[in-house]
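this one's sequence-less:
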């Protein structure tokens with residue numbers, strides 16, 4: 001879950017999609033001015049997300065994550081990992 005000012009919701013949803021994420025929707029906070037964006041994103045795509053979210057939201061965004069499930073890695077990414085490992 002990502003919590004950002006309403007002005008940054010579109011940018012955050014686009015960013016999560018570019019990280020192979022699946023946005024599950026967003027809703028406004030009761031206190032107003034902020035929205036919560038829910039998405040499923042692979043853990044490997046969130047390694048530096050705290051830093052990148054702060055840059056994207058001018059320091060106002062926060063996020064939390066919980067494990068949902070394992071899924072197979074896309075074939076093109078698995079091939080890249082295999083090639084990198086074989087080169088070592």
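Structure received. Since this is a predicted model, take the numbers as computed values, not measurements.

how about the nearest residue to residue 25, chain neighbours excluded?
With sequence-adjacent residues excluded and distances taken as CB to CB, 6 or more residues apart in numbering, residue 25 is closest to residue 38, at 5.8 Å. For glycine as for every other residue, the C-beta is placed from the backbone atoms N, C-alpha and C.

Which pLDDT value belongs to the one you found?
At residue 38, the model reports a pLDDT of 95.

residue ranges of the helices in the chain, please?
Here the chain has its helices, by DSSP state H, at 9-18, 49-56, 75-86.

Packed most tightly, which of these would that be?
helix 9-18 (a mean of 17; mean count of other CB atoms under 10 Å).

Tell me how many other residues crowd residue 41.
20 (other CB atoms under 10 Å).

Need the phi and psi values for it.
Per-residue torsions, residue 41: phi -130, psi 140 (degrees, to the nearest 10).

mind checking how far it is from residue 32?
26 Å (CB to CB, to the nearest Å).

what residues are up against the residue most central in space within the chain?
For the chain, the residue sitting closest to the mean C-alpha position, by CA atoms, centre = their mean, is residue 16 at 4.1 Å. Applying CB atoms under 8 Å, 6 or more residues apart in numbering to residue 16 gives the contacts 2, 23, 37, 39, 41.

With residue 77 as the reference, measure out to the fourth one.
Going back to what we said before, that points to residue 39. With CB to CB as the criterion, residue 39 and residue 77 are 19 Å apart.

just the second one next, same as before
Look at residue 23 and residue 77: by CB to CB, they are 20 Å apart.

what does the third one give?
Taken as CB to CB, the spacing of residue 37 relative to residue 77 amounts to 24 Å.

Could you give the number of residues near the closest residue to residue 63 other than its chain neighbours?
In space, and not counting its chain neighbours, residue 63 is closest to residue 2: 4.4 Å by CB to CB, 6+ apart. Residue 2 has 27 neighbours, counted by other CB under 10 Å.

what's near enough to touch residue 2?
By CB under 8 Å, 6+ apart, the neighbours of residue 2 are 12, 16, 36-37, 39, 53, 61-63.
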